[in-house]
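# this is a predicted model, with the sequence first.
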Amino acid sequence: MNVQIAQSMNNAADDQERYAILAGFARGNDELRAKGAAEELVDALYYAGAAFNRWKAIATVREAAAA
């Protein structure tokens, strides 16, 4: 799942699409939680957050460079 998150975030066109990707993973997380897969859920949330934070940092640097 972690690889899927990273690939999806890398292929996203913008932040709106990234939010939609994370929402999709959140729905999948409900299924993991229902199965009692706590470790996988924590891993998925961690990597989703890390991927999104990476893209926000890139956007911030690009904005600063453009100013």
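Ah, there it is. Residues are numbered from 1 along each chain as shown.
# for the top helix by length along the chain, buried residues please.
In the chain, ranked by residue count with DSSP state H as the criterion, the top helix is helix 38-66. Buried residues in helix 38-66, counted by 16 or more other C-beta atoms under 10 Å: 40, 41, 44, 45, 47, 48, 51, 52. For the C-beta atoms, the positions are set from N, CA and C on the backbone; glycine is no exception.
# where does residue 43 land on pLDDT?
pLDDT recorded at residue 43 is 76.
# could you do the one 5 residues further on as well?
pLDDT for residue 48: 77.
# next, name the residue at the spatial heart of this protein.
The chain has residue 48 as the residue nearest its centroid, 3.0 Å off, counting by C-alpha atoms, centre = their mean.
# quick one: that residue and residue 5 touch, right?
Yes - Residue 48 lies in contact with residue 5 (C-beta atoms under 8 Å); the separation is 5.1 Å.
# quickly list what's touching both of these two.
Counting by C-beta atoms under 8 Å, 6 or more residues apart in numbering, the contacts common to residue 48 and residue 5 are residue 25.
# residue ranges in this structure under the pLDDT threshold?
For the chain, the stretches with pLDDT under 70 are 1-2, 32-33, 37-38, 41.
# residues near residue 4, how many?
By other C-beta atoms under 10 Å, the residues close to residue 4 number 15.
# check the offset of the helix or strand hosting it from the chain's centre.
Element membership for residue 4, per DSSP states H and E: helix 2-11. How far helix 2-11 lies from its chain's middle: 7 Å, per C-alpha atoms, centre = their mean, to the nearest Å.
# got the angle for it vs helix 38-66?
Angle of helix 2-11 versus helix 38-66, following axes from the mean of the first three to the mean of the last three C-alpha atoms, to 10 degrees, is 20 degrees.
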